[in-house]
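Engineer: Here is a sequence together with a model predicted from it:
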Amino acid sequence: MSSSVEQLVNREYKYGFITDIEAESAPPGLSEETVRFISAKKQEPEWLLEWRLKAYRRWLEMTEPHWPNVTYTPVDYQAITYYSAPKTAKPLGSLDEVDPKLLETYEKLGIPLSEQKLLAGVAVDAIFDSVSVGTTFKETLAKAGVIFCSFGEAVREHPELVRKYLGSVVPANDNFFAALNSAVFSDGSFVFVPKGVQCPMELSTYFRINAANTGQFERTLIVAEEGASVSYLEGCTAPKRDENQLHAAVVELVALDDARIKYSTVQNWYAGDDEGKGGIYNFVTKRGKAAHRAKISWTQVETGSAITWKYPSVILQGDDSVGEFYSVAVTNGRQQADTGTKMIHLGRNSRSTIVSKGISAGQGQNSYRGLVQIMPNAEGSRNYTQCDSMLIGNRCGAHTFPYIDVRNSTSDVEHEASTSKIGEDQIFYCKARGLNTEHAISVIVNGFCKEVFRELPMEFAVEAQKLLGVSLEGSVG
Amino acid sequence: MSLLQITDLHAAVDEVEILKGISLTVNPGEVHAIMGPNGSGKSTLAQVLAGHPSYEVTGGSVTLDGEDLLEMEAEERAWAGVFLAFQYPVEIPGVTNAYFLRQAYNEIRKARGLDEIDPIDFIDLLEEKLKVVEWGPEIMERAVNFGFSGGEKKRNEILQMAVLEPKLAILDETDSGLDIDALRIVANGVNRLRRPDSATIVVTHYQRLLNFIVPDYVHVLAGGRIIRSGGKELALELEEKGYEWLTGPEAAVAS
């Protein structure tokens, strides 16, 4: 392909600024002391400290997984700072007490936290490095009986709920990164929607890594009781730094009978520069458990991070439960992504849908890895998987690793896959109709991703389209 | 002043020269047919005029309204009023015909300093234009050319042409693969779009299309050169005698 499809890599990452704010940090390195330090800082109850320590001890016995189709310089777990918090005298009572510099940071990111300026009907929790800096619309939500707060606050205010559900979907010893997170997680979001309640607004969490050499280990727990429903969105950015930063989050979704949880992610962590220097290592465990007739839907638009390793999954435990995974993953420059989903069918007549769109540009490497497992009791279950890859240019790669394991004879599993290349002819056709090259790419790529974008909440679908435009800017000149 | 002026145009692909000195003058209101055997360079000429990056212009000049066309990017040529109806229209999955065409329409308006049209007004505009190709509005919600039959793709090109109202329309083998009904619809569309201030170049292998779109001039291209020009009767003569009448057996296989 000509030079026209070779340049898409010179994009500017506009969220790469650093906020100069005084922080209180733990010394780098990980030991039992670090775990105790974090737990003490957060004034946690004894049972949670014990839970962390158990996870830490299990983590010591585990090894970092190397089966994903990515290569990176090894992580030095002793060089990372596991706790960093903007300095404030006391826990924040309201948004008015938040350091104006922090609010400015979120304004710059396009996430105004002052409630009157918010997108109508979206409540936001903002996580800066290790701690939550403010949750909006709390009162409106409380009236409906919905709890939406930082994880730390949930531990203080609703310990019984946290204790009941923490680790119930992703056990502390689930995998290397989940165990690490369980030991050192600092904050995150907690959502609880009681029986029969439809959450009156979209909930959103915004994650920001600021401090250097700091890992972000947030933990999100969403519980929807019987018949409840909630839609939740997370967004992520980080400053440009030359060192790699580790992000190892855990997200657990619990959907009880007839509940519905829709979880959307627009991930735009710093991806590193053109030579692959810097950027976020995004090693995340996300999983939901769906009871009878419950539905869990993951939608993700992943454009950032140097290395991505994540498989948002659904355990379809109940009869007639539904799991969905809609994903757009973009790798450009030197980015590498190994992402996909796991659908574990246990309940009868459970259904799952997987639509994965991988876009590779520059020297990006994009792997889809998915497991569809249908257990003997999951009679009459169905899965439909569609896995499409698009290549832009000649130096990128797309890979697909589907695992299908069906253990009864009454279930249906369908898998469709395609690989296409944005060709010079497609671009020329658009140009001949008056669209310039970038506009052409954006139209073609958005068309390719349409089935996923239409699953996103409206405001975020527009964001995602724009984000995709920025991510691919310059990949064709 | 002529609308299009091609002077001694040479063009190559992968360093093989395909066009070996083409000169042609097209005035407003005229229809020119370019005919010739396979491999004569007809489609290359169409692609070069539209600005396809695979073709390298190695000599000569092309002006549209006195402006240097060869200096322009493909999209700038579209803004200036050049429209190529593709021989093989490209599929764009997931992008509706309506969306795509509105983008194109607005880009061209913007380039001319006009305001963009809003989606509602655009629907009204489309309603009129769809009549040109005898289509209902449902076609606009289908993805661009995706899963279209060969005939539908060609009709879609004419619809785009109707909406974009080019100064210079180049139809590249628009008749190939069309049954007689589709051919009639496409040709009627082109005829309805004829304006005194615009011109059309019809590139075709067969005389058949020219029964429907009657040209003012016919040029025969062979071996990368125009070897004969004449009126519409030249096409009939060619139909009767075959290309060998003009080219001889050895010239027909050139390039």
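Structural biologist: Perfect, thanks for sending it. If you're wondering where the values come from, they're calculated on a predicted model, not measured in any experiment.
Engineer: drop to CA atoms for contacts and neighbour counts, all remaining ones
Structural biologist: OK.
Engineer: Can you classify the residue most central in space within chain B by secondary structure?
Structural biologist: Centroid check for chain B by CA atoms, centre = their mean gives B:Ile170 as the closest residue, at 1.9 Å. Here B:Ile170 is recorded as strand under DSSP: H, G, I helix; E, B strand; the rest coil.
Engineer: Which pLDDT value does the model give it?
Structural biologist: Listed pLDDT for B:Ile170 reads 97.
Engineer: swap in A:Gln267?
Structural biologist: A:Gln267 is given a pLDDT of 78.
Engineer: what's the answer for A:Asp129, then?
Structural biologist: Per-residue confidence (pLDDT) for A:Asp129: 56.
Engineer: tell me the SS of the residue lying closest to A:Val443 once chain neighbours are set aside?
Structural biologist: Closest residue to A:Val443 apart from its sequence neighbours, by CA to CA, 6 or more residues apart in numbering or on different chains: B:Val95 at 7.1 Å. Following three-state DSSP, we place B:Val95 in the strand state.
Engineer: circling back to that earlier point, quick check: the residue nearest to the centre of chain B touching B:Ser198?
Structural biologist: No. Under the criterion of CA atoms under 8 Å, B:Ile170 makes no contact with B:Ser198, lying 11.2 Å away.
Engineer: list residues touching both of the two?
Structural biologist: Overlap of the contact sets of B:Ile170 and B:Ser198 (by CA atoms under 8 Å, 6 or more residues apart in numbering or on different chains) is empty.
Engineer: related to what we said a few turns ago, residues near the residue nearest to A:Val443, how many?
Structural biologist: Look at B:Val95: counted by other CA atoms under 10 Å in any protein chain shown, it has 24 neighbours.
Engineer: and A:Val155, what is it in contact with?
Structural biologist: Counted by CA under 8 Å, 6+ apart, A:Val155 has contacts A:44, A:162.
Engineer: now it: how far from A:Tyr165?
Structural biologist: 12 Å (CA to CA, to the nearest Å).
Engineer: Equivalent analysis for B:Ala12, please.
Structural biologist: 69 Å.
Engineer: Same question for A:Phe148.
Structural biologist: Distance, A:Phe148 to A:Tyr165, using CA to CA: 15 Å.
Engineer: So between these two, which is more surrounded?
Structural biologist: In this view A:Phe148 and A:Tyr165 are compared by other CA under 10 Å, and A:Phe148 has more residues nearby, 26 against 16.
Engineer: So that one sits against A:Gly188, correct?
Structural biologist: No. Assessed by CA under 8 Å, A:Phe148 is found out of contact with A:Gly188, at 10.7 Å.
Engineer: Show the backbone phi and psi for the spatially most central residue of chain A.
Structural biologist: Centrality entry for chain A: nearest residue to the mean C-alpha point is A:Thr265, 5.2 Å, by CA atoms, centre = their mean. The phi and psi torsions at A:Thr265 (degrees, to the nearest 10) take the values phi -130, psi 130.
Engineer: my guess is it meets A:Glu234, correct?
Structural biologist: Yes. Under the criterion of CA under 8 Å, A:Thr265 makes contact with A:Glu234 at 4.9 Å.
Engineer: Note down every partner strand of the strand ranked longest in chain A and its orientation.
Structural biologist: When chain A is scanned for its longest strand (criterion: DSSP state E), the result is strand A:279-290. Counting by DSSP bridges, the strands paired with strand A:279-290 are strand A:244-247 (parallel), strand A:250-255 (parallel), strand A:307-310 (parallel), strand A:313-316 (parallel).
Engineer: And the contacts of the longest one?
Structural biologist: Surrounding strand A:250-255, the residues in contact under the criterion CA under 8 Å, 6+ apart are A:165-170, A:178, A:181, A:217-226, A:261, A:284-291, A:294-296.
Engineer: Please report phi then psi for residue 34.
Structural biologist: Reading this off chain A. phi -60, psi -50.
Engineer: Relative to chain B, how far out is it?
Structural biologist: A:Thr34 sits 51 Å away from chain B, going by CA to the nearest CA, to the nearest Å.
Engineer: Near that residue, how many other residues are there?
Structural biologist: Number of residues near A:Thr34 (other CA under 10 Å) recorded here: 19.
Engineer: close enough to count as contact, it and A:Ala26?
Structural biologist: Yes. Counting by CA under 8 Å, A:Thr34 does reach A:Ala26; the two are 7.3 Å apart.
Engineer: what is in contact with the two at once?
Structural biologist: By CA under 8 Å, 6+ apart, the residues touching both A:Thr34 and A:Ala26 are A:Tyr82.
Engineer: Break down the stretch 251-400 of chain A into its helices, ranges please.
Structural biologist: For the stretch 251-400 of chain A, helices defined by DSSP state H, counting those that start in this stretch do not occur.
Engineer: re the thing from before, the residue nearest to the centre of chain B pairs with what?
Structural biologist: On the basis of DSSP bridges, B:Ile170 takes part in beta bridges with B:Leu84, B:Ile201.
Engineer: Give me the distance between the two termini of stretch A:344-361.
Structural biologist: The first and last residues of stretch A:344-361 sit 32 Å apart, counting by CA to CA.
Engineer: Please see if that stretch touches chain B.
Structural biologist: No. Against chain B, stretch A:344-361 shows no contacts by CA under 8 Å from any CA of the partner chain, the least distance being 12.4 Å.
Engineer: how about that stretch: buried residues?
Structural biologist: Using 16 or more other CA atoms under 10 Å in any protein chain shown as the test for burial, stretch A:344-361 gives A:344-361.
Engineer: So what sits opposite the residue nearest to A:His399 when sequence neighbours are not counted in the bridge?
Structural biologist: Take A:His399 and drop its neighbours on the chain: the residue closest to it by CA to CA, 6+ apart is A:Ser367, 4.5 Å away. A:Ser367 has these beta-bridge partners by DSSP bridges: A:Asp338, A:His399.
Engineer: Which residues are in contact with residue 189?
Structural biologist: Using chain A. If you count contacts by CA under 8 Å, 6+ apart, then A:Ser189 has A:125, A:148-151, A:205, A:218-221 around it.
Engineer: please go with chain B instead
Structural biologist: B:Gly189 is in contact with B:132-133, B:158, B:162, counting by CA under 8 Å, 6+ apart.
Engineer: Chain B contacts on chain A?
Structural biologist: Residues of chain A lying close to chain B (CA under 8 Å from any CA) are A:425-426, A:428-436, A:443-444, A:446-450.
Engineer: interface residues of the stretch 101-250 of chain B facing chain A?
Structural biologist: With the criterion set to CA under 8 Å from any CA, the stretch 101-250 of chain B comes near chain A through B:103-105, B:107-108.
Engineer: And the furthest pair within those residues?
Structural biologist: In those, two members sit farther apart than any others by CA to CA. They are B:Gln103 and B:Ile108, at 8.6 Å.
Engineer: Looking at those two, which is more packed in?
Structural biologist: B:Ile108 (24 against 21).
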